[in-house]
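J.: Show me how the following folds:
(one chain, ligands or ions: 2)
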Amino acid sequence: MFGYSSSMSQEAFVGVETVPFVERDSKAPLGFRHYRPDDLVEGKSMHDHLRFASCYWHTMRNGLADPFGSATARMPWDDGSDHVDNCLRRADAFFEFLRKCRIDYYCFHDRDIAPERATLAETNADLDRVVDHFAVLARASGKKLLWGTACLFAHPRYVSGAATSPRLDVFTHAAAQVKKAIEVTHRLGGEGYVFWGGREGYTTLLNTDMKREREHLAHFLHMAVDFKKAIGFKGQFYIEPKPREPSVHQYDSDTAACLAFLREFGLMPHFKLNLETNHATLAGHSIEHELAACRAANALGSVDANSGTENCGWDTDEFPTDPRLTTKMMLEILAAGGLTTGGLNFDAKRRRESFEPIDLFHAHVAGMDAFARGLKAAAAIRADGRIARFVQQRYASWNSPLGQRIENGEVSFDELEKLALECHAWGNESGRQEMLEHILHEHI
Ligand code: XUL
Ligand code: CO
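T.: Ligands and ions are numbered 1, 2, ... in the order given. Next comes the predicted model:
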């Protein structure tokens, strides 16, 4: 065990320079081929479109263990202890990583950055010490907190949920934990705060009062909104849908369920959604479906950018490296008017075999370049205009006086029945999916 000494003297990623910008056909092992933060796309810099973030839980705390094998990640800056000194050194390594990888935002759970102690008071005191250090590192580097969150799923007390626990004492502890997590997010100038309910659901309905649990969750979120106002925290609240894992069923199962929940309990004005690619696929949707559903409700907030293995059925949190995926995502994000308070947070981990520190760079750079490509391709598809014109044309009959009156809610079934009795043919046209796919791929 050795005491904490300032990071500036010791590098964690020895021999790794700031990732260079290289030519598209460069064979350099590590370099940005597409990402150029200052290049303008649709009048805005790539940097401001993409707002990349790295997450502390995967980048710094994931040893890459799987259910069958132990951790493989090499983290020479980390002595494996839960001493505050080790937490501070880890933070130094993280900010060095952000700088060298040209990433300006980060996200964390409270318990990622400082451990849980015997009492809540001790836990909070150590969290404060680490947060003070984050504040110093952030001020010196200009790195920003995209969002903070509380880990309400790892500790055994949350075995049956936090805000939806059958136990009042657990709900009470969760409230205090979230209060503190919002406070420290505010202290660090966080632009948002996420609620992800990994254990806010059930394993079997035989032991669960679903109605009561959902109501408790709503009360919990209203208390968070009240607290946010009381301390003057202006960051955006997000709710992150996921259908299952770790619970068998989670109440925030997908965008539609989250929107219905927020509307049912009067929370819609206070929340947007943080969508995650692999959560969408677990819900049986594509991420572009989830983004489109959010866009329609004006609820798109932020994105946890990752991907999954389609035939696996598990949240594998892989880095998003497929330009077709990122193009479809960026099309939706641009159509929604872009990310404002939110960003693209790589909620992604390296494969267990990618255990060297340099793999953290390869993984993030691959993800960043994939999104830079997706952004450029999406902008090109929008400038090309053929796909948008096709969609407009497909709905052209609705621009007629009758269509407009229906869209304004001025028409009855009786009127339509009269028209339908006179009409014996329908003007359907081909959906041309294959032609549209072809156009999409022209630009990737
Ligand atoms: C879990 C997940 C979380 C949230 C934050 O699948 O995505 O890491 O993003 O709690
Ligand atoms: Co996530």
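J.: rest of the way, CA atoms for contacts and neighbours
T.: OK.
J.: In the chain, mark out all the strands, start to finish.
T.: 40-41, 44-45, 52-55, 105-109, 144-149, 192-195, 201-202, 236-239, 249-250, 271-276, 300-304, 344-346 (DSSP state E).
J.: Mind putting those into a markdown table with mean pLDDT and distance to V16?
T.: Formatted as a markdown table, the strands of the chain follow (pLDDT from 0 to 100; distance: least, Cα to Cα, whole Å):
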| stretch | mean pLDDT | distance to V16 |
| --- | --- | --- |
| strand 40-41 | 98 | 28 |
| strand 44-45 | 98 | 26 |
| strand 52-55 | 99 | 18 |
| strand 105-109 | 99 | 20 |
| strand 144-149 | 99 | 22 |
| strand 192-195 | 99 | 31 |
| strand 201-202 | 98 | 43 |
| strand 236-239 | 99 | 35 |
| strand 249-250 | 98 | 41 |
| strand 271-276 | 98 | 30 |
| strand 300-304 | 98 | 26 |
| strand 344-346 | 99 | 21 |
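J.: Between those, which one is closest to H289.
T.: Closest approach to H289 among these is made by strand 271-276 (10.6 Å; Cα to Cα).
J.: Return the angle between stretch directions for that closest one and strand 300-304.
T.: Using axes from the mean of the first three to the mean of the last three Cα atoms, to 10 degrees, the direction of strand 271-276 lies 30 degrees away from that of strand 300-304.
J.: Against which helices or strands is strand 271-276 packed?
T.: The contact analysis (3 or more Cα pairs under 8 Å, 6 or more residues apart in numbering; DSSP states H and E) places strand 271-276 against strand 236-239, helix 255-264, helix 287-296, strand 300-304.
J.: Let's see that with 7 Å instead.
T.: In terms of contacts (3 or more Cα pairs under 7 Å, 6 or more residues apart in numbering; DSSP states H and E), strand 271-276 is packed against strand 236-239, strand 300-304.
J.: ranking those by burial, who's on top?
T.: strand 300-304 (a mean of 27; mean count of other Cα atoms under 10 Å).
J.: Alpha carbons of that one, as CSV, please.
T.: The C-alpha coordinates for strand 300-304 follow below in CSV (Å, rounded to 0.1, in the frame of the first residue of the first chain):
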residue,chain,number,x,y,z
LEU,A,300,-35.0,12.5,-26.7
GLY,A,301,-32.3,13.4,-24.1
SER,A,302,-29.1,11.4,-24.3
VAL,A,303,-27.7,8.2,-25.7
ASP,A,304,-25.8,5.3,-24.1
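J.: between that strand and helix 287-296, what angle do the directions make?
T.: Following the same axes, to 10 degrees, one obtains 160 degrees for the angle between strand 300-304 and helix 287-296.
J.: strand partners of strand 300-304, parallel vs antiparallel please.
T.: In the sheet, strand 300-304 lines up against strand 271-276 (parallel), strand 344-346 (parallel) (DSSP bridges).
J.: What residues of the shortest one count as buried?
T.: Neighbour-count burial for strand 344-346, counted by 16 or more other Cα atoms under 10 Å, picks out 344-346.
J.: what do you get for stretch 283-290?
T.: Buried residues in stretch 283-290 (16+ other Cα under 10 Å): 283, 286-290.
J.: Among these, which pair sits farthest apart?
T.: A283 and E288 (12.6 Å).
J.: shaky segments in the protein?
T.: 1-9 (pLDDT under 70).
J.: roughly how far apart are the nearest residue in space to G343 that is not next to it in sequence and K349?
T.: Closest residue in space to G343, ignoring its immediate chain neighbours: R51 at 4.6 Å, by Cα to Cα, 6 or more residues apart in numbering. Per Cα to Cα, to the nearest Å, R51 is found 19 Å from K349.
J.: What is the burial count for the residue nearest to G343?
T.: 21 (other Cα atoms under 10 Å).
J.: With adjacent residues omitted, what lies nearest to K144?
T.: Nearest to K144 is Y105, by Cα to Cα, 6+ apart, at 4.8 Å.
J.: Contact partners for that neighbour?
T.: Contacts of Y105 were listed using Cα atoms under 7 Å, 6 or more residues apart in numbering, and they are 52-54, 143-146.
J.: Next, format those residues as JSON lines and append distance to D132.
T.: Output for those, formatted as JSON lines (distance: Cα to Cα, whole Å):
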{"residue": "F52", "distance to D132": "23"}
{"residue": "A53", "distance to D132": "20"}
{"residue": "S54", "distance to D132": "20"}
{"residue": "K143", "distance to D132": "14"}
{"residue": "K144", "distance to D132": "14"}
{"residue": "L145", "distance to D132": "14"}
{"residue": "L146", "distance to D132": "17"}
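J.: and those as CSV, adding distance to V248 and neighbour count?
T.: Formatted as CSV, the contacts of Y105 follow (distance: Cα to Cα, whole Å; neighbours: other Cα atoms under 10 Å):
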residue, distance to V248, neighbour count
F52, 31, 25
A53, 29, 29
S54, 28, 28
K143, 37, 20
K144, 35, 19
L145, 31, 24
L146, 29, 31
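J.: From these, pick the one nearest N124.
T.: L145 (19.2 Å).
J.: Output the strands of the chain as CSV; include the columns distance to G427.
T.: Output for the strands of the chain, formatted as CSV (distance: least, Cα to Cα, whole Å):
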stretch, distance to G427
strand 40-41, 39
strand 44-45, 41
strand 52-55, 46
strand 105-109, 51
strand 144-149, 49
strand 192-195, 47
strand 201-202, 47
strand 236-239, 42
strand 249-250, 43
strand 271-276, 37
strand 300-304, 35
strand 344-346, 42
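J.: And for F413, the neighbour number?
T.: So F413, with other Cα under 10 Å, has 8 neighbours.
J.: Please spell out which residues along the longest helix along the chain are buried.
T.: Looking across the chain with DSSP state H, the single longest helix is helix 357-384. Neighbour counts over helix 357-384 (16+ other Cα under 10 Å) mark 357-358, 360-382 as buried.
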